[in-house]
Every structure is written in structure tokens, then in C-alpha cells.
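> here you go, sequence then predicted model.
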Amino acid sequence: MRASQILGASLVSASLALLVACGAPPRPGGGGDDDDGPDAAVTGNEDNCSDAAKLIYVVDSNNTLSKFDPVQKAFNDLGRLSCPASFGATPFSMGIDRNATAWVLYSSGELFQVDTTSLACQKSPWSAQNGLAQFGMGFSTNAAGGTEDTLFVAGGAIGPVSATSKLARLDINSFTAQTVGTIQGNPELTGTGSAELWGFFPDRSGSKVAQLDKATGNAVRTFPLNQLAGDPTAWAFAFHGGSFYIFLAKDLETFTTVYQLDAATGQIMDSRPTNNRTIVGAGVSTCAPVVIGKPQH
């Protein structure tokens with residue numbers, strides 16, 4: 001769900017000429033033959049979930065936290081975050097847990113818990129481990145239809161991006177990270193209630209969406225998105241109700257465009273410019289519906 005942007009995307013693009021990723025600086029990003037998307041036979045996880053936990057949330061580079069309505073493609077601003085991050089740090093990525101708590105990573109590598117109702121912000125004990133300081137993130141259930149999930153992160157050190165990222169599990173109780181593997185590119189992640197983990201990999205030569213093996217990081221299936229090729233400056237990613245939602249600004253685009261992909265085929269179903277938002281993080285909990293055609297909440 002990290003919708004992502006790279007730390008200091010504009011500064012990095014100027015100096016690195018064209019690699020960008022999630023958060024504030026830039027990051028770079030196969031084609032698969034499977035045509036099945038997230039398991040359409042598994043129903044959305046609704047037990048013990050509030051309506052608020054079934055929504056998509058996004059955060060802008062200016063600290064604005066918003067709800068995103070995937071049906072109307074509309075945003076409802078909740079307010080501006082005031083997390084006590086280091087001077088000059090901005091939101092980099094975001095995940096949402098089953099309590100509708102936002103986990104917001106800043107470009108400084110600081111991780112905060114944010115109440116999506118009051119916007120109260122609490123700094124977590126997390127500090128960079130295993131070279132993980134800036135990363136995309138997403139929760140995925142441990143079993144299809146289950147109520148327990150794990151936060152997955154993918155990224156690396158603060159600063160210029162590399163061609164690869166580390167995929168890891170981040171334990172939000174002990175705040176320790178366990179490396180799963182190395183993956184090509186710098187993805188934003190989203191999980192599902194059907195225990196899948198997906199990544200959006202922006203890239204100047206050809207972007208893609210891929211399902212990742214949670215034990216190795218290997219691509220299970222891949223949807224090429226050559227039409228979204230370009231130098232990314234800000235991106236985020238979320239799954240909801242049978243569709244992927246990509247929030248992307250690239251090349252000379254000033255603001256984010258929202259792309260809706262059919263999760264079964266990888267085909268772009270809709271695209272809408274936001275005109276006034278630079279979205280750097282997106283999150284949806286594993287309470288969100290996973291069945292294609294299931295009513296949105």
C-alpha cells in the first residue's frame with residue numbers, strides 16, 4: 001500500500017536525471033502469463049472490522065491525509081498531519097492496519113502511528129534495520145480470509161535509489177525486520193485479505209504490477225504496464241474490491257493521476273488526473289473487500 005514517492009523527488013530528479021520512487025527522492029522500477037488476479041473466490045474480510053477499516057487512505061506530499069472513494073474516484077480530506085518528524089521530513093509511504101490506524105513512514109526513516117479519526121500521531125520505536133530506511137509497505141493476511149496479518153516492506157537506504165530493494169516483514173510489536181529476499185525495482189506494496197502481496201513497480205522503460213511470493217520475493221505473476229512508463233516522481237498503490245489503484249506522477253507531470261486496473265487481467269479500466277494532489281502514500285487494510293463486484297464500503 002505504499003503509495004509512494006521518493007524523498008526529495010524533485011531534488012533527486014534534478015541530480016540523478018530520472019530515477020524516482022516512493023516518498024520524497026526518486027526510485028526506479030516481465031510480463032507474466034497468468035491471467036488470474038487476486039483470488040475472486042475469497043470474500044472480503046469483514047469480521048471485527050469497522051467501516052473505517054475498509055477504506056482506502058492516501059497521504060500527500062503536503063501532509064494531507066484523505067479518504068479515497070474508489071467508486072466515485074473522489075477524495076475526502078481528513079486534515080493535515082502534524083507528526084513530530086525531523087526537520088524537513090515529508091511523508092514517504094503509508095500502510096493501514098485492521099484497526100484503521102495509519103502507519104506513515106517519513107523521508108527521514110521515522111515511522112509514525114496515526115489515528116485516522118483524530119489524526120493524533122505517535123512515533124514508533126522503529127529505527128532502520130538491515131538497510132531499510134525508506135520503503136513501500138502493505139499489510140497482507142497470513143491466511144486467506146484470516147484476521148491476522150503481517151506488514152511487508154520493500155526498500156533500502158535513504159538517498160539515491162538502487163536497482164534493487166529488500167523485501168522484509170516488519171513486526172509492529174517488536175519493531176524488528178526479517179528480510180525475505182531481494183527484488184528488482186523499488187515498488188509500492190499492497191496486500192489483500194486473500195493473503196496475497198502485490199507491488200507496483202514504476203520504471204522509465206516500462207512499469208508493471210506483480211504478485212510477490214511472501215516467502216522469497218519472487219514474482220508469481222506479472223502485468224506489464226508499458227503505457228505507464230516514465231520517470232516516476234511520486235507513486236502509491238492499493239487494492240480494493242477486485243481492482244488495483246495506482247497513484248502516479250511521472251516525467252513532467254505536476255500532479256498525480258489515479259489509474260484503476262482490473263486485478264484479474266491487469267488492464268487499465270479508468271484513469272483520472274487529480275489536478276491538485278501529489279500523492280506519496282496509499283493504504284488499505286486487509287478488511288477491505290477482495291471479491292470482484294462486491295459493493296464498496
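Yep, it's here.

> tell me where the stretch 101-250 of the chain has helices.
When assigned using DSSP state H, counting those that start in this stretch, the stretch 101-250 of the chain turns out to have no helices.

> residue ranges with poor pLDDT in the chain?
Scanning the chain with the threshold set as pLDDT under 70 gives 1-47, 160, 292-297.

> what's the residue nearest to Ser140 when sequence neighbours are not counted in contact with, if anything?
Beyond its immediate neighbours in the sequence, the residue positioned closest to Ser140 (C-beta to C-beta, 6 or more residues apart in numbering) is Gly191, lying 2.8 Å away. Yep, even glycine has a C-beta here, placed from its N, CA and C like the rest. Contacts for Gly191 were tallied using C-beta atoms under 8 Å, 6 or more residues apart in numbering; they are 1, 138-141, 149, 152, 197-198, 239, 286.

> what's the closest of the residues you listed to Cys49?
The shortest approach to Cys49 among the contacts of Gly191 belongs to Thr286, at 8.7 Å (C-beta to C-beta).

> the closest one touches Gly193, doesn't it?
Yes - the criterion here is C-beta atoms under 8 Å, and Thr286 meets it with Gly193 at 4.5 Å.

> stretch 131-146: end-to-end distance?
Terminal residues of stretch 131-146 are spaced 31 Å apart (C-alpha to C-alpha, to the nearest Å).

> from Asp251, how far off is Ser66?
Note on Ser66: its distance to Asp251, by C-beta to C-beta, to the nearest Å, is 24 Å.

> hmm, I was thinking of Gly146
Going from Gly146 to Asp251 by C-beta to C-beta gives 40 Å.

> adding neighbour count and distance to Gln267, write the contacts of Gly191 out as CSV.
Shown next, in CSV, are those (neighbours: other C-beta atoms under 10 Å; distance: C-beta to C-beta, whole Å):
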residue, neighbour count, distance to Gln267
Met1, 36, 21
Gly138, 35, 22
Phe139, 26, 26
Ser140, 25, 23
Thr141, 25, 26
Asp149, 23, 28
Phe152, 27, 25
Leu197, 25, 21
Trp198, 27, 15
Phe239, 33, 15
Thr286, 31, 25
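
> need the residues you listed in CSV (columns: distance to Ser205).
As requested, these are exported to CSV (distance: C-beta to C-beta, whole Å):
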residue, distance to Ser205
Met1, 25
Gly138, 24
Phe139, 30
Ser140, 28
Thr141, 33
Asp149, 33
Phe152, 25
Leu197, 24
Trp198, 21
Phe239, 25
Thr286, 32
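
> identify the farthest-apart pair in the residues you listed.
Within those, Asp149 and Trp198 form the most distant pair, 14.2 Å apart (C-beta to C-beta).

> surely Thr164 meets Phe201?
No - if you go by C-beta under 8 Å, Thr164 and Phe201 don't touch, sitting 11.4 Å apart.

> what touches both of these two?
Residues touching both Thr164 and Phe201 by C-beta under 8 Å, 6+ apart: 184-185.

> who's more crowded, these two?
Between Thr164 and Phe201, counting by other C-beta atoms under 10 Å, Phe201 is the more crowded of the two (30 against 14).

> next up, the contacts around that one.
Here Phe201 is in contact with 29, 184-187, 207-210 (C-beta under 8 Å, 6+ apart).

> now it: how far from Phe87?
Spatial separation of Phe201 from Phe87 under the definition C-beta to C-beta is 31 Å.

> take the contacts of Phe201 and write them to CSV, including distance to Phe92.
Formatted as CSV, the entries for these read as follows, by distance: C-beta to C-beta, whole Å:
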residue, distance to Phe92
Gly29, 16
Gln184, 20
Gly185, 17
Asn186, 12
Pro187, 14
Ser207, 19
Lys208, 21
Val209, 20
Ala210, 21
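
> name the nearest of those residues relative to Gly131.
Compare each of these with Gly131 using C-beta to C-beta and the shortest gap goes to Asn186, at 13.2 Å.

> how about that closest one, phi and psi?
Backbone geometry at Asn186, expressed as degrees, to the nearest 10, gives phi -130, psi 80.
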